[in-house]
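Undergrad: Got a sequence here, can you model it:
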Amino acid sequence: MPSRHRYRKKSGKQVRSTSEKRKPSGSPTDSLPPKTPRQLVQSTIQMPSVFTFEASTPEQTAENQETEPVSEKQHCDQNQNLSQDSFSMNVSANQKDISYPSTIFNFINDASIDILTTKLSRALMLPQLQDKFAKLFESVAKDLIEGLARDIVQPLKQEIIHLRHELEMKTDDLEQYSRRNSLRISGLPESKEENTEALVMEVLRDLHPDLTASDIDRCHRVGKKNMDRNRQVIVKFVSYRNRHKVISNRRMLRQNRSSVYINEDLTKHRSKLFKLTRDLKAKHLISSTWTYDGRVYVEEQPEGVMRVILCESDLDKYR
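TA: Modelled structure (predicted):
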C-alpha cells in the first residue's frame, strides 16, 4: 500500500516535511480536537472507569497554547492510528485513571442545585402546600403554647392566687386593727333633728356608768337614709379600755333595751363571715358563735372546742 506521506530529498535521505511532522504528545487523546462541555459530560457518563478530577494549571494551559496546529491530513492519519490502538487503550483503561478538569463537574453540580432550588420554590408556592404548612404551623404553635401554659403559666397562676389571698388577709387584719376602738349600735330610733351623741351616751351609761362625753372621740350614723329602718350608729372611743368595758357588759341591755344591740365594728370580710356563722347557728349546725377583738369564733358543741374562722372555706365542715 503506497504511503500517503510526501517525502523530499535532503542530503541523500528521505525525510518528512517539517510542516508535516507529527506533534509529540504524552497520550493519544492530546492530539484530538477539543470537546464541548456537553460532549465531555456524555463521554464521562458512558465510561465505566474511575475518574480523578484535576484542575488545570497555568503551566498546562501555556503548554497547550504553544503546540503547533495540525493539518487536516495529519489529523486523518492520527485518527487512523487511534483506531488501530483502540483495543490496547480499552485494555489499559481499567488500569489507568483518566483526568478531567474539575470545573466541568462543578458547573454540572451548580446547575443541578439551581434546578432543584427552582422546582422546590415553585412547589412551596402551591396553595395546597401553603394550607398544609399553615395548619401544621398552627398545630405546632398550639401544642407549644399549651405546654408552656402547663409547665410555666399554671404554677405561676397558683402562686399568684396564693399571694393574693395572703395580701387580702394582711390588708383585712390592718383594717380591723384600725377599728379596734370602735363599736356599732343598732336599733336606736332615728329622727330628723336628733342629737346622736346624747342618744349614744344615754345607752352607754347603762353599761358603763363612769363614761363621760370626753371618752367618746366621735359618733354618727352610717349608710343611706331609709324610712323603713333605723341606720346604725358607729361610736369611736378614745381608749380601748372603755370600749372593752362597754362590749363586755352589753348583755345588760336585754333588761331595759331589748331592741338595741351593740357589736364590734368589723370589716366587710369579717361581717360576712359572722353572718354565715349566725345562719349555721339558726340551722342548729353549730352550738354558738361570737366575735372578740375582731375575730369570729364558733363552738361546735356546748362546752366544746372553740375555733377561729378566717375564711369561708373554714365553714365547709359545718355545712
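
Undergrad: drop to CA atoms for contacts and neighbour counts, all remaining ones
TA: Fine.

Undergrad: how long is stretch 147-162 end to end?
TA: Using CA to CA, to the nearest Å, one end of stretch 147-162 lies 22 Å from the other.

Undergrad: now what about that stretch, what contacts it?
TA: Residues outside stretch 147-162 that contact it (CA atoms under 8 Å, 6 or more residues apart in numbering): none are found.

Undergrad: Equivalent analysis for stretch 237-248, please.
TA: Outside stretch 237-248, the residues that touch it by CA under 8 Å, 6+ apart are 180-183, 204, 207-208, 211, 214-218, 262-264.

Undergrad: Just to check, residue 264 is in contact with residue 295?
TA: No: here residue 264 does not reach residue 295: they are 9.7 Å apart, not a contact under CA atoms under 8 Å.

Undergrad: Who has more neighbours out of those two?
TA: Taking neighbours as other CA atoms under 10 Å, residue 264 and residue 295 compare with residue 264 leading, 23 against 17.

Undergrad: How about that one: what's its closest non-neighbour residue?
TA: Leaving aside its sequence neighbours, residue 264 sits nearest to residue 183 (CA to CA, 6 or more residues apart in numbering; 4.8 Å).

Undergrad: That neighbour contacts residue 263, doesn't it?
TA: Yes: the criterion here is CA under 8 Å, and residue 183 meets it with residue 263 at 5.9 Å.

Undergrad: returning to that earlier point: would the residue nearest to residue 264 count as being in a strand?
TA: Yes: the assignment for residue 183 (DSSP: H, G, I helix; E, B strand; the rest coil) places it in a strand.

Undergrad: Could you tell me how many residues sit around it?
TA: Neighbour tally, residue 183, other CA under 10 Å: 21.

Undergrad: related to what we said a few turns ago, give the PyMOL command for selecting the buried subset of the contacts of stretch 237-248.
TA: To isolate the buried members of the contacts of stretch 237-248 in PyMOL, using 16 or more other CA atoms under 10 Å:
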select buried, resi 180+181+182+183+204+207+208+211+216+262+263+264
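
Undergrad: Residue 175 and residue 182: what is the separation?
TA: 12 Å.

Undergrad: so is residue 220 in a helix, a strand, or just coil?
TA: Following three-state DSSP, we place residue 220 in the strand state.

Undergrad: That one and residue 183: what is the separation?
TA: Here the criterion is CA to CA. By it, residue 220 lies 11 Å from residue 183.

Undergrad: which residues are common contacts for those two?
TA: 234, 235.

Undergrad: Any regions of the stretch 51-200 of the chain where pLDDT drops low?
TA: Within the stretch 51-200 of the chain, the stretches with pLDDT under 70 are 51-102, 105, 119-130.

Undergrad: Now the longest helix seen in the chain: buried residues?
TA: Ranked by residue count and defined by DSSP state H, the top helix of the chain is helix 154-178. By neighbour count on 16+ other CA under 10 Å, the buried set for helix 154-178 is 172, 176.

Undergrad: Please apply the same query to stretch 189-199.
TA: In stretch 189-199, counting by 16+ other CA under 10 Å, buried: 190, 196.

Undergrad: Start and end of that stretch, how far apart?
TA: 9 Å.

Undergrad: cool, and stretch 308-319?
TA: Chord length of stretch 308-319, first to last residue, is 16 Å (CA to CA).

Undergrad: Provide the contact partners of that stretch at residue level.
TA: With CA under 8 Å, 6+ apart as the test, stretch 308-319 has contacts from 273, 277, 280, 285, 286, 295, 296, 297, 298.

Undergrad: Among these, which lie within strands?
TA: 295, 296, 297, 298 (DSSP state E).

Undergrad: Using JSON lines, please lay out these together with pLDDT.
TA: Shown next, in JSON lines, are those (pLDDT from 0 to 100):
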{"residue": "295", "pLDDT": "94"}
{"residue": "296", "pLDDT": "94"}
{"residue": "297", "pLDDT": "94"}
{"residue": "298", "pLDDT": "94"}
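
Undergrad: re earlier: report the angle between the longest helix of the chain and strand 295-299.
TA: Between helix 154-178 and strand 295-299, the angle comes out at 100 degrees (axes from the mean of the first three to the mean of the last three CA atoms, to 10 degrees).

Undergrad: counting contacts, what elements does the one helix or strand residue 271 maps to pack onto?
TA: Here residue 271 is covered by helix 268-282, with elements defined by DSSP states H and E. Where contact means 3 or more CA pairs under 8 Å, 6 or more residues apart in numbering; DSSP states H and E, helix 268-282 is packed against strand 288-292, strand 295-299.

Undergrad: Could you rerun that using 10 Å?
TA: Judged by 3 or more CA pairs under 10 Å, 6 or more residues apart in numbering; DSSP states H and E, helix 268-282 is in contact with helix 154-178, strand 288-292, strand 295-299, strand 306-309.

Undergrad: Pull up the pairing partners for the shortest one, direction included.
TA: According to DSSP bridges, the neighbouring strands of strand 306-309, each with its direction, are strand 295-299 (antiparallel).
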